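Colleague: Okay, here's the prediction I keep looking at, along with the sequence it came from:
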Amino acid sequence: MSGPSIGALEPAIVVLVILVLIVVRRTYLQIQGARFSAGRLFGYAAVYVLLFAALAVGTLYAAIVSWGPDAYVLAIPYGAFPVVAALVAAPYVRRIVRFEHREDGAWYYRLSWHIPVLYLVLFFARISAEFVVFGPSAFVVSFPPPAPPSVAGLVILIAVDLLFGISLGLLLGRGVGVYQAHREVLAREDRPPSAPPPPLPSE
């Protein structure tokens, strides 16, 4: 059976390219200074939660078909990897993020380069691994992609999904850490100056 034509692949390729450009742009902005927006932070993360959930459902279904009910145990690492990564990232990001109030009146935050770059590396590692396992046609046409016929292929797919789970957790933790640090900055800004000490009693 022949693969899909280039014309059929074009819409999915365009979506993939747009997604990659968004991720790269967000990484650059967070290093140089991104405008703070709670809606953008968590809206962006919500999209990736939905993507990860769809991938998890597809992979777990394939594992259950291949390995039987014992495969339900895979739900534990699928849930634990993002949660643990978020719990580790949130307090760390809260400590290192830096805010500045710019001339346009908005708050901007900046992260040390290694935090956004680590997410970017994990994101591209997942894309590259899936591309190698499924090839270009299955990668961009089917979502979630079909399970490979071999046990080794399915194990690779699970590992790739869990890699995405780690990057998702870092993304969620990064958003939570930035949000918490921003609230602390606002609290310090709104805090009234300390009252001067009372005058010494006259002798």
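Modeller: Looks like it came in fine. Because the structure is predicted, anything quoted here is derived from the model rather than measured. Numbering: from 1, shown residues only.
Colleague: For this protein, give the helix that spans the most residues.
Modeller: Counting by DSSP state H, the longest helix found in the chain is helix 151-190.
Colleague: mean confidence for it?
Modeller: The average pLDDT within helix 151-190 is 87.
Colleague: and that helix, how far from the chain's centre?
Modeller: Put simply, helix 151-190 sits 5 Å off its chain's centre (Cα atoms, centre = their mean, to the nearest Å).
Colleague: what helices or strands is that helix leaning on?
Modeller: On a contact count with 3 or more Cβ pairs under 8 Å, 6 or more residues apart in numbering; DSSP states H and E, helix 151-190 meets helix 38-67, helix 75-96, strand 98-101, strand 107-110, helix 114-141. All C-beta spots, glycine's among them, are computed from the backbone N, C-alpha and C.
Colleague: and the second one with helix 38-67, angle?
Modeller: Here helix 75-96 points in a direction 160 degrees away from that of helix 38-67 (axes from the mean of the first three to the mean of the last three Cα atoms, to 10 degrees).
Colleague: Buried ones in helix 75-96, by neighbour count?
Modeller: The neighbour-count check on helix 75-96 (16 or more other Cβ atoms under 10 Å) flags 78, 81, 82, 85, 86, 89, 90, 93, 94 as buried.
Colleague: Now for those: which two are most distant?
Modeller: Largest separation among these by Cβ to Cβ: 78 and 94, giving 26.1 Å.
Colleague: where does this protein dip in pLDDT?
Modeller: For the chain, applying pLDDT under 70 flags the ranges 1-13, 15, 133-149, 190-203.
Colleague: cutoff 80 now
Modeller: Where the chain drops to pLDDT under 80, the residues are 1-20, 23, 26, 29, 115-116, 119, 122-153, 189-203.
Colleague: So which bits of stretch 178-191 are buried?
Modeller: For stretch 178-191, by 16+ other Cβ under 10 Å, it's 178, 179, 181, 182, 185.
Colleague: which residues are contacting that stretch?
Modeller: By Cβ atoms under 8 Å, 6 or more residues apart in numbering, the list of residues contacting stretch 178-191 from outside reads 36, 38, 41-42, 90, 93-95, 97, 99, 107, 109, 111.
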